[in-house]
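A.B. asks: let me see the structure of the following:
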Amino acid sequence: MQSPPRNVLKKEFRLKKNSSFKATYLQRRIASDEFFVLYGGRTKENADFPTKTGFVVSKKIHKRAVKRNRIKRLVREAFRLAQLSGEAKNSDLFQSLIYVAKEGALKLDFKKAQISVTKLINKLANKFI
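C.D. replies: Okay, the predicted model is just below:
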């Protein structure tokens, strides 16, 4: 079996189950900007478990799956690089995170995505921790 490319957020760090998404939404820890709404899950009690992250782009944003998937790829890569560089160290405080795209995400470029990702994580951490 082939390993995934290096620029992909590994599956062990992604939210996959519907119940995980619902549990994160129910925590009501929210930060937003013009591109995304970030939902934070419970705070971690044990730092050994990785933070799981989900990325959601609704059909209301764009009807074409190609456009929706492009936004998800951009944000996923921006989040991965922010974690590697240490800019998203506050993400380790939460068990789960969900990025939900807004209408403005259609005109997003990679640099803006990086800024938005780190800004939202820090905003959420300052607000609830």
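
A.B. asks: ramachandran coordinates for the residue nearest to the spatial centre of the chain?
C.D. replies: The centroid of the chain falls nearest to Tyr99 when counting by Cα atoms, centre = their mean (4.0 Å). When read as degrees, to the nearest 10, the backbone of Tyr99 gives phi -100, psi 120.

A.B. asks: check contacts around it.
C.D. replies: Shown in contact with Tyr99 (Cβ atoms under 8 Å, 6 or more residues apart in numbering): Phe36, Val37, Leu38, Thr53, Gly54, Phe55, Val56, Val75, Phe79, Val117, Leu120. (C-beta placed from N, C-alpha, C; glycine too.)

A.B. asks: so what sits opposite the second one in the bridge?
C.D. replies: What it means is Val37. Counting by DSSP bridges, Val37 is bridged to Ser32, Val100.

A.B. asks: and it, how many residues sit next to it?
C.D. replies: 15 (other Cβ atoms under 10 Å).

A.B. asks: so who does it touch?
C.D. replies: Ile30, Ala31, Tyr99, Val100, Lys102.

A.B. asks: ok, how many other residues are close to the first one?
C.D. replies: Ile30 has 17 neighbouring residues, counting by other Cβ under 10 Å.

A.B. asks: hang on, it in a strand?
C.D. replies: Yes. Assessed with DSSP: H, G, I helix; E, B strand; the rest coil, Ile30 lies in a strand.

A.B. asks: from what I can see it touches Thr24, true?
C.D. replies: No. Counting by Cβ atoms under 8 Å, Ile30 stays clear of Thr24, with 10.5 Å between them.

A.B. asks: shared neighbours of these two, anything?
C.D. replies: Tyr39, Gly40.

A.B. asks: how about low-confidence regions in the protein?
C.D. replies: Along the chain, segments meeting pLDDT under 70 span 1-7.
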